[in-house]
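*Asks:* Structure for this input, please:
(2 chains)
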Amino acid sequence: MNAPAAVIEVTPAVALAPDRAPLLSPFGWAAVAVALTVIVVVVPVMALVVPPGSPFALSAYGLTLVGKILCYALCAVALDLVWGYCGILSLGHGLFFALGGYAMGMYLMRQIGRDGVYQSDLPDFMVFLDWKALPWFWQGSDSFLWAVGMALLVPGLLAFVFGWFAFRSRVKGVYLSIITQALTYAAMLLFFRNDTGFGGNNGFTDFKRILGFPIAAIETRVVLFVLTGLALVGGFLACRAIVQSKLGRVVTAVRDAESRVMFLGYDPLPYKLFVWTFSAVLCGLAGALYVPQVGIINPSEMAPSNSIEMVIWVAIGGRGTLVGPIVGAAIVNGAKSVFTAAFAEYWLFFLGALFVAVTLFLPKGVVGTLIAWRGKARESAP
Amino acid sequence: MSRLAPRIVAIAFAIVAMPAFAALVAGDLKPLADEAATEKLAAIDHLVGSGDPRAAAILKALKDDALAVTPQGEFVITEGDGHLDAITGAKATVDAATLESISINNRIRGRIDGALAAFDLLAPDRAVRAKAITALEQSRNPELTKLIDAAALAETDAELKSRLGLLQAGPRLASDDRATRLEAITQLGASENPATRLLLLPFVEKAADGSFREPDAELRGAAERAIRSIDAAQRKGELAGAVFTGLSLGSVLLLAALGLAITYGLMGVINMAHGEFLMVGAYATFVVQNLFRRYLPDAVDWYLAAALPVAFACAFALGVVLERTVVRFLYGRPLETLLATYGVSLLIIQATRTIFGAQNVEVANPSWLSGGIQVLPNLLLPWNRIAIIAFALAVVALVWAVLNMTRLGLFVRAVTQNRAMAGCVGVRTSRVDTMAFGLGAGVAGLGGVALSQVGNVGPDLGQAYIVDSFMAVVLGGVGQLAGTVVGSFGLGIVNKFLEPFTGAVLAKIAVLVLIVLFIQRRPQGLFALKGRAAEA
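*Replies:* Numbers count the residues shown, from 1 in each chain, chains lettered A, B, ... in the order given. Prediction:
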């Protein structure tokens, strides 16, 4: 059919920016300050201080749900960095998320200690498989720092190697999407095996404590929630800094016309590789924060459908705007909580319809459409 | 009886030809009348060993309590009101009142059953003989050697004859005569039958003190050669098996990928709901099957023939609807197409769950597709797999013919090559798009019919094939049918060759890695965008 590749409209703020645009507008900074206040002060107070009966109290369930959505939002921001700004549609970001989760899960399994069902130093599933010692890749997993390091390093390394191979041979567009999907699918199959050494299809669960603190206690959960919120704000600011930088402008140019960027003397490989790897690291971080809050990690997190669901968060919020993915993750996951509680079987109908409707009627997403409206209003005002 | 006659003549001839065989005489039966069970057992073994065709009749009579002895020691078989002489089978006149019937206990009855089974070796029906041989191969009762010799001489079927030959060779391995043993070893080796490997192993094994169990070096050498040739034959069988299962997996992939080769390869539309067209085809098969069971139970074996057009029509219609309502508006935006069609696939899957339930449904193989042909001792080719390979090739031929020999195909190719110019000369391009998309979907529906015969039919059926079939299209080179055929079979065979070494999961992962590496080497082979189209 040889139709021209998708050309995404460049948002004027980026395209016409002077040498160095401010990281955020004053309004933006105010919003970040409000978000930080809510995360660090309001939510902990609602969860810890307000008596449970009060309408302002936040239950442990609500706290976990919001924390979970914040993790998803971080993933969505990371995905938007590569899709919205670099034009790489990854259908495998769930893999990086799950790998980060697994790294943290290994540490949490070790923290169970002898409190497991078999009262062994080894995690229960290894006792069940009749393993006598920890495999080599579990060495060091009793250290929290190691876990955090691995949660960032493993997804980053995998993304780097994969990206290097894929981008070097200029695999892009839908081919890349399908290969990333195959990648996460292959990883899922691998992790489903008991022999792989990560608990097979049950994965890791039944965590007891983190850094010595009981993991189910409301105080621990509040701390985890605050950390997640800070990670999201930090990730958002970092992505914002990247897309505002000169590097970010080259990345955007690669998205819009890779060939022209090459004709101008740039090699797109390092730019693509950098945002791709950084995005994977952010996803790994989100996974590492997700697992202690949710209390379980298993290979189904790597299912291709999970990764594609992440894409719809970005699409509905509005790709190419970093706020959009956060909004999108909140909308979709909020709707999911409501739907699965009220009429579970219609959830997939809703999700499927969402995919179709957003691509057909709302290609810029909610936030993108709002921005476009505002732009039009400004144009017509004077 | 008339069919039995020539066989009996043949056996009789065999018996005459073999001096070891003696016709039964009254003395052979005498121990049967003895009180002691051991005497009776010995007599039964002797009867079997004699190979005399009358022995079967006598044993059967004994089992049915129809064998009796006169005071003079003559054995007769009671049949209806009359009596037959046990040895000659001729009519005998005896006084029924003086007859003493011969009683047997359960142990003897069991022995008779075994012996009678062996006499099945002489049955006129080939299937019965084959069954008897199989039973003997498992039991290896040395008492029956003479009977086997007789049956081997009488056997006319080449395959059964060689199996009997092996049964003969087994006991000869233990013979005192060196030449007989050597001959038996060679015979077993030539058979290339893996079942005989165990018999040969003792010849090459070492005892605990390090010396060979078999002192004769020549025999040992012959046994080693024989084992080697058996192993080689087995490897050959495994290799052929891997190629065949690879071809069969490849043809499944091919059926899944063919529709994609049209919608994705030719039209450039990424259709993530393609797998769901397969699923629709499979469910159409299920519905047609149930309708046949309900209204045409006599013709139920032929429901597949009716399912083919139905499945094609259902998937075609769904494809046309999808193209007209969704895909049409997203041409030129592949990533959006991908997302929207993924949403459509969710809708179709959930709709299927709502209508048919989340469980797998049962689609039965028609009787003419069950079973298979035994090509080598360790290689069985099931009919449904053979049929699916043939069907896949037939569908390829059909699609090729449609694209290259029909007006629609001409238009599709024209629009693919130059949309604007095709429009200028009067081709209704949007209509061609719809038809081509429908055709791709319909072909997937046909694939679904085939998949329903080899795998589970459930709402998730399509999901399992989508990644693999995209890989097949991409690997083979976009935009050409031949590439898809090569890609599918290549993927299938490589997958099946890796499986024995790595296991199914690792094989799949290895194939994915290989594809990524292949992209490194031959990106052009992958994205067969030529000339000016290379970079849009």
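*Asks:* Spatially nearest residue to residue A:101 (excluding sequence neighbours)?
*Replies:* residue A:287 (3.6 Å; C-beta to C-beta, 6 or more residues apart in numbering or on different chains). C-beta: built from backbone N, CA, C; applies to glycine.
*Asks:* Please list all residues in contact with that neighbour.
*Replies:* Residue A:287 makes contact with A:71, A:96-104, A:151, A:155, A:297, A:301 under the criterion C-beta atoms under 8 Å, 6 or more residues apart in numbering or on different chains.
*Asks:* Name the SS class of it, please.
*Replies:* helix (DSSP: H, G, I helix; E, B strand; the rest coil).
*Asks:* pLDDT value on it, please?
*Replies:* Note for residue A:287: predicted pLDDT of 95.
*Asks:* what's the distance between it and chain B?
*Replies:* Distance from residue A:287 to chain B, counting by C-beta to the nearest C-beta, to the nearest Å: 21 Å.
*Asks:* again, but for residue A:185
*Replies:* For residue A:185, the distance to chain B - C-beta to the nearest C-beta - is 6 Å.
*Asks:* I'd like to know which elements the host helix or strand of that residue is packed against.
*Replies:* According to DSSP states H and E, residue A:185 maps onto helix A:173-192. Other elements packing on helix A:173-192 under the criterion 3 or more C-beta pairs under 8 Å, 6 or more residues apart in numbering or on different chains; DSSP states H and E are helix A:93-112, helix A:144-168, helix A:304-317, helix B:334-356, helix B:461-476, helix B:504-521.
*Asks:* same question for it, mean pLDDT?
*Replies:* If you average the pLDDT over helix A:173-192, you get 85.
*Asks:* next helix or strand past it?
*Replies:* Counting by DSSP H and E, what follows helix A:173-192 is strand A:204-205.
*Asks:* Partner strands of that next one, with direction?
*Replies:* Neighbouring strands of strand A:204-205 in its sheet, by DSSP bridges, are strand A:296-297 (antiparallel).
*Asks:* Now do the contacts for the residue of the stretch 251-382 of chain A found nearest chain B.
*Replies:* The stretch 251-382 of chain A approaches chain B most closely through residue A:355 (2.4 Å), counting by C-beta to the nearest C-beta. The contact partners of residue A:355, taken as C-beta under 8 Å, 6+ apart, are A:312, A:315, B:339, B:340, B:342, B:343, B:344, B:346.
*Asks:* pretty sure the third one is touching residue A:312, no?
*Replies:* Yes. Counting by C-beta atoms under 8 Å, residue B:339 sits close enough to residue A:312 to count as a contact (7.0 Å).
*Asks:* So for those two, which residues contact both of them?
*Replies:* With C-beta under 8 Å, 6+ apart as the test, residue B:339 and residue A:312 both reach A:355, A:358.
*Asks:* Of those two, which one has the most company?
*Replies:* residue B:339 (26 against 23; other C-beta atoms under 10 Å in any protein chain shown).
*Asks:* what about that one, distance to residue A:315?
*Replies:* Distance of residue B:339 to residue A:315, given as C-beta to C-beta, to the nearest Å: 6 Å.
*Asks:* Pick out the residue in chain B sitting closest to chain A.
*Replies:* Counting by C-beta to the nearest C-beta, chain B gets nearest to chain A through residue B:343 (2.4 Å).
*Asks:* picking up where we left off before, mutual contacts of residue B:339 and residue A:315, please.
*Replies:* Joint contacts of residue B:339 and residue A:315 (C-beta under 8 Å, 6+ apart) are A:355, A:358, A:359.
*Asks:* And the pLDDT at the last one?
*Replies:* Read that as residue A:359. pLDDT at residue A:359 comes out at 89.
*Asks:* Then residue A:147?
*Replies:* Looking at residue A:147, the pLDDT reads 92.
*Asks:* State the number of residues packed around the residue nearest to it when sequence neighbours are not counted.
*Replies:* Nearest residue to residue A:147 in three dimensions, chain neighbours excluded: residue A:107, at 3.4 Å (C-beta to C-beta, 6+ apart). Neighbourhood size, residue A:107 [other C-beta under 10 Å]: 26.
*Asks:* If anything else comes up later, I'll come back, but that's it for now.
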